[in-house]
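Q: below is the structure, and that's it, no one-letter string:
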C-alpha cells in the first residue's frame, strides 16, 4: 500500500482511479442517493440508515469493478477516499469537474506499478 503525504497527492491518485466519466457519474449517483436516504432516515425512519452506506458504496464499487476495472481506493485509504468522493461530488454539482480534470491533466499522475 502506498502512503500519501497529503490530500493533494492522494487526490491525484484518486482521480487516476476515476478516469472514466461513467465511473464519476456512478459515484455522483451513489453519493446523492446516500445523502437523500440519510436525510429521509433522520426525518422519518431511523431504520433506513443502514441503506446509506449500501447505496453510496454499492454504486461506487459497481463502477470500479464493472466500468473502471480497478480496485476501489476505499479498501486501502477509507478516510481519504470518503473525503475525495465528496470533493468530486461538489465539483460535479457545481460544474467544476471538467476544469479540475484539465488542471490535473497538466500534472504528472501518480502511477502505482
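A: All right, it came through fine. All of these numbers come straight from a predicted model, not from anything done at the bench.

Q: what bits of this protein have low per-residue confidence?
A: Applying pLDDT under 70 to the chain flags the ranges 1, 106-113.

Q: give me the residue at the spatial middle of it.
A: What sits nearest the mean C-alpha location of the chain, by Cα atoms, centre = their mean, is residue 85, with 3.1 Å.

Q: that residue: which element?
A: Taking DSSP states H and E as the criterion, residue 85 maps to helix 78-93.

Q: residues touching that helix, excluding its own?
A: For helix 78-93, contacts defined as Cβ atoms under 8 Å, 6 or more residues apart in numbering pick out 4, 7, 10-11, 14-15, 18, 24, 27-28, 31-32, 56, 60, 72-74, 97, 100. C-beta here means a position set from N, CA and C on the backbone, and glycine is covered the same way.

Q: same thing but at 10 Å, please
A: The contact list for helix 78-93, computed with Cβ atoms under 10 Å, 6 or more residues apart in numbering, reads 4, 6-7, 9-11, 13-15, 17-18, 23-25, 27-28, 30-32, 34-35, 56-57, 60, 72-75, 77, 96-101.

Q: and these, which of them are buried?
A: Neighbour-count burial (16 or more other Cβ atoms under 10 Å) is assigned, among these, to 4, 10-11, 13-15, 17-18, 23-24, 27-28, 30-32, 34, 56-57, 60, 72-74, 77, 97.
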